[in-house]
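1. Take this sequence and fold it.
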Amino acid sequence: MLTMYSLLISLPHNAHYLNRYIKFIRLCHSDERSSFREKHHILPKSLFREYASFTQNPWNLARLTPRQHILAHRMLWKAYGDNQAKGYHILIHKHGQKLSSRHAARLREAYAHSLRGHQYNKGRKHTSEHIASRTRRGYHHSEETKHKIRDSHLKLSEMTSNRLLGNTYKLGKIESQETRERKRRCKVGNRWWHSVELHRESCSQECPPGFVPGRLPEAGNLRKLLPSS
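-> Numbers count the residues shown, from 1 in each chain. The predicted model follows:
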């Protein structure tokens, strides 16, 4: 931990929050109350990329709970400033953490400030070969690929026309005579009735004993139709 401490203090920092961060990591190492843990770089990956690999540097790994992980990145943000706002910002949105309006505004401002100066493509002039490789300009498909593309387009156009005709998810499905008759009866002056105790439904003009108007609240395969009276 002494080596890590010397590395952490080698960069410009806020001593108060950095000391709090180091003490916090030590306490989290000894806390085994929660089984679910997330991997955390003790030395921030954005500042110490040479120690980012956990395989080569297992001592740089801290397993923290989601709450501890958020608090650790908050302390790093306070200790090192805006360049650590990105990690904190990502964790906040990942776990759906709620912040006060003032704190959220400060974090968003710091996050936006950290992105300035990292526009790697700003002022960069791409070559024609690079543009062609990104847009596939001048690329020729084989005859086999052309046939596959044409067949997929024909299939999509057929499915679209079927949807316009009213067939959506039951393309090619043939309903039984019983299903057709049940639908016909429900459309001719019948109503739905249900019984929560029996967990059944009935479609008829008159209410069966013990039933109430409407359908069961839950849908699914558990519904059973009673014969219409």
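2. which residues in the protein form strands?
-> 38-41, 61-64, 191-195, 200-204, 212-213, 225-226 (DSSP state E).
3. okay if I get those strands as TSV plus mean pLDDT and distance to His140?
-> Every residue, glycine included, has its C-beta placed from N, CA and C. Conversion of these to TSV gives the following (pLDDT from 0 to 100; distance: least, C-beta to C-beta, whole Å):
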stretch	mean pLDDT	distance to His140
strand 38-41	90	46
strand 61-64	91	49
strand 191-195	84	60
strand 200-204	81	60
strand 212-213	88	65
strand 225-226	46	59
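4. Could you say which one of these comes nearest to His93?
-> Among these, strand 38-41 comes nearest to His93, with 14.8 Å by C-beta to C-beta.
5. What lies in contact with the closest one?
-> Here strand 38-41 makes contact (C-beta atoms under 8 Å, 6 or more residues apart in numbering) with 48, 51-52, 54, 60-66, 69, 72.
6. Could you point out the member of these that lies closest to His29?
-> Ala62 (6.6 Å).
7. Residue ranges of each domain in the chain, please.
-> Following automatic domain parsing, one gets these domains for the chain: 2-115, 178-226.
8. Between those, which has the poorest mean confidence score?
-> Lowest mean pLDDT within the domains of the chain: domain 178-226, at a mean of 74.
9. ok, for Leu7, nearest residue in space, not its chain neighbours?
-> Leu43 (5.9 Å; C-beta to C-beta, 6 or more residues apart in numbering).
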